[in-house]
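Participant: sharing a sequence plus its predicted fold:
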Amino acid sequence: MADCDLHKLVADVALVRDGSVLLVRYADANRYDHQHGWFLPDDLMQHLEHPEAAAARILAEQLDLEGVALRLGSVESFRGRDRTWHLAFHHVAELPSELAFCITGCS
């Protein structure tokens, strides 16, 4: 979908565990609209990709997580900074308390 100059389809995932949400920082901000900071794991959807398949791909590619139960939380429509129409599919996944994450810099 990156080749379209009219709209962008985006998927993201809020990973929730014990009332906390996992945020990520991208090592290569150029792949993510040159945005720096903390974000939900997200990406542009691929051509003809189903939103839930995109969310699963994002978790696998960015966090090495597979088999996570996803649900669609909401859909958002807005004009992006590049003035294209963005349609964002916001997914939610509840993770068990015993699942541990190690982020860059943890010991």
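Facilitator: Sure, I can see it.

Participant: helices along this protein, start to end?
Facilitator: 51-63 (DSSP state H).

Participant: show me where it dips below the pLDDT cut-off.
Facilitator: 1-2, 32-34, 99-107 (pLDDT under 70).

Participant: centroid residue for it?
Facilitator: What sits nearest the mean C-alpha location of the chain, by CA atoms, centre = their mean, is residue 42, with 2.1 Å.

Participant: so the nearest residue to residue 94 once chain neighbours are set aside bridges to which residues?
Facilitator: Sequence neighbours aside, residue 16 is the residue nearest to residue 94 in space, at 5.4 Å (criterion: CB to CB, 6 or more residues apart in numbering). Every residue, glycine included, has its C-beta placed from N, CA and C. Counting by DSSP bridges, residue 16 forms beta bridges with residue 21, residue 94.

Participant: look up how far residue 38 lies from residue 16.
Facilitator: Distance of residue 16 to residue 38, given as CB to CB, to the nearest Å: 15 Å.

Participant: looking at these two, which one has more neighbours?
Facilitator: residue 16 (13 against 10; other CB atoms under 10 Å).

Participant: what sits against that one?
Facilitator: 92-95 (CB atoms under 8 Å, 6 or more residues apart in numbering).

Participant: what about the residue nearest to the centre of the chain, distance to residue 91?
Facilitator: 10 Å.

Participant: ok, how many other residues are close to the closest residue in space to residue 4 that isn't next to it in sequence?
Facilitator: Distances taken as CB to CB, 6+ apart put residue 84 closest to residue 4, at 7.5 Å, once the chain neighbours are dropped. If you count neighbours by other CB under 10 Å, residue 84 ends up with 12.

Participant: same question for residue 64.
Facilitator: What residue 64 shows, counting by other CB under 10 Å, is a neighbour count of 7.
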